[in-house]
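> Okay, sequence plus prediction incoming.
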Amino acid sequence: MTKRAVIYLWIMFGCIFSGIAQSSEQPISYFEGSIEYKVSVEGADKAILFENEPNTQMAMHIKDGDYIVNLIGGRYPKTFMFIADSNFEYSIDMNNKRAFRVSIYNHFKPMWVRPPAIPNGETETINGVLCDVYEVKTDSSYTKIWASEKYRVNTDFYHNKKRAQANYLLPGLEGRIPIKTIKKEKGLTSTITMSKITPIKFRKEQFTIPPDFVIKNRDNRW
């Protein structure tokens with residue numbers, strides 16, 4: 001798989017994901033657990049993308065300020081981990097016991113500033129979850145996001161964590177985890193839909209780099 005295709009997929013999975021205001025008397029409940037998604041792609045450039053056998057499913061595992069993203073299926077399954085205490089994202093090579101810092105985002109350049117998700121006033125139930133609908137517009141793309149007040153994370157964990165680029169940290173979502181996302185850009189329309197949500201109390205060590213792993217600065221495998 002080309003490096004360009006992998007970067008595209010991770011940005012698509014990890015960044016296109018982007019409200020009813022709560023009463024000050026009602027405490028916010030934060031989510032810990034796993035969310036599974038199915039992915040579909042349509043458009044004139046679909047055949048080009050699928051020549052590289054891209055990933056077709058995604059699973060996110062969330063605990064406090066840490067998260068793991070598994071890209072499943074396709075030629076090269078991949079795992080990415082963000083550890084809030086270190087403010088680093090890692091790509092994980094389990095077979096060779098390696099972890100690579102900053103696999104996608106250039107450590108020496110300013111982080112990409114993502115556009116905000118704006119609520120459009122609509123609501124819709126997606127796979128049994130009542131969602132508010134958000135829109136994200138750029139010069140080259142339009143994204144529609146369904147996110148729920150019921151499933152959100154505490155954004156206080158990410159204060160000054162510039163490398164945290166998970167979907168639920170898109171400005172405007174205030175930590176709400178996207179349940180469904182449709183992104184339209186020239187030649188491609190990508191749809192990512194939640195298929196299963198499982199609350200789990202993870203152990204902290206499940207979100208750490210194993211001590212016998214070698215940590216490197218760049219991942220050039222793809």
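That came in fine, so what should we check first?

> going forward, measure contacts between C-alpha atoms and count neighbours the same way
Will do.

> show me where pLDDT drops low in the chain?
1-27, 102-112, 220-222 (pLDDT under 70).

> one more time with 80, if that's ok
For the chain, the stretches flagged by pLDDT under 80 are 1-28, 45, 48-54, 102-113, 218-222.

> what helices or strands is the helix or strand that contains Thr198 leaning on?
Here Thr198 sits within strand 188-199, counting by DSSP states H and E. With contacts taken as 3 or more C-alpha pairs under 8 Å, 6 or more residues apart in numbering; DSSP states H and E, strand 188-199 sits against strand 33-42, strand 176-185.

> For it, give me every contacting residue.
With contacts defined as C-alpha atoms under 8 Å, 6 or more residues apart in numbering, strand 188-199 is touched by 12-13, 31-46, 127, 179-184.

> now do 7 Å
Identification of contacts with strand 188-199 by C-alpha atoms under 7 Å, 6 or more residues apart in numbering yields 32-46, 179-184.

> Could I get the full set of helices for this structure?
3-15, 46-50 (DSSP state H).

> Just the buried positions in the strand holding Thr198, please.
Within strand 188-199, the residues that count as buried by 16 or more other C-alpha atoms under 10 Å are Leu188, Thr189, Ser190, Thr191, Ile192, Thr193, Met194, Ser195.

> how many other residues sit next to the closest residue to Gly65 other than its chain neighbours?
Take Gly65 and drop its neighbours on the chain: the residue closest to it by C-alpha to C-alpha, 6 or more residues apart in numbering is Phe157, 4.9 Å away. As a burial measure, Phe157 scores 13 neighbours (other C-alpha atoms under 10 Å).

> Then the one 4 residues further on?
Lys161 sits with 16 neighbouring residues when counted by other C-alpha under 10 Å.

> Would you enumerate the residues in contact with it?
Asn87.

> can you check Tyr158 too?
By C-alpha under 7 Å, 6+ apart, the neighbours of Tyr158 are Gly65, Ala84, Ala164.

> most surrounded residue in those?
Ala164 (23 neighbours).

> how near is that residue to Ala84?
8 Å (C-alpha to C-alpha, to the nearest Å).

> sorry, back to before: now do the strand holding Thr198 against strand 176-185: the angle between them, please.
Interaxial angle, strand 188-199 versus strand 176-185 (axes from the mean of the first three to the mean of the last three C-alpha atoms, to 10 degrees): 170 degrees.

> Could you check the angle strand 188-199 makes with strand 33-42?
Counting by the same axes, to 10 degrees, strand 188-199 lies at 160 degrees to strand 33-42.

> who's the nearest residue to Ser140 once chain neighbours are set aside bridged to?
Nearest residue to Ser140, sequence neighbours excluded (C-alpha to C-alpha, 6+ apart): Glu185, at 6.1 Å. Glu185 has these beta-bridge partners by DSSP bridges: Ser141, Leu188.

> if we can go back for a sec, I'd like the helices and strands packed on strand 188-199 as CSV, with distance to Pro210 and mean neighbour count appended.
Formatted as CSV, the helices and strands packed on strand 188-199 follow (distance: least, C-alpha to C-alpha, whole Å; neighbours: other C-alpha atoms under 10 Å):
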stretch, distance to Pro210, mean neighbour count
strand 33-42, 20, 18
strand 176-185, 27, 23
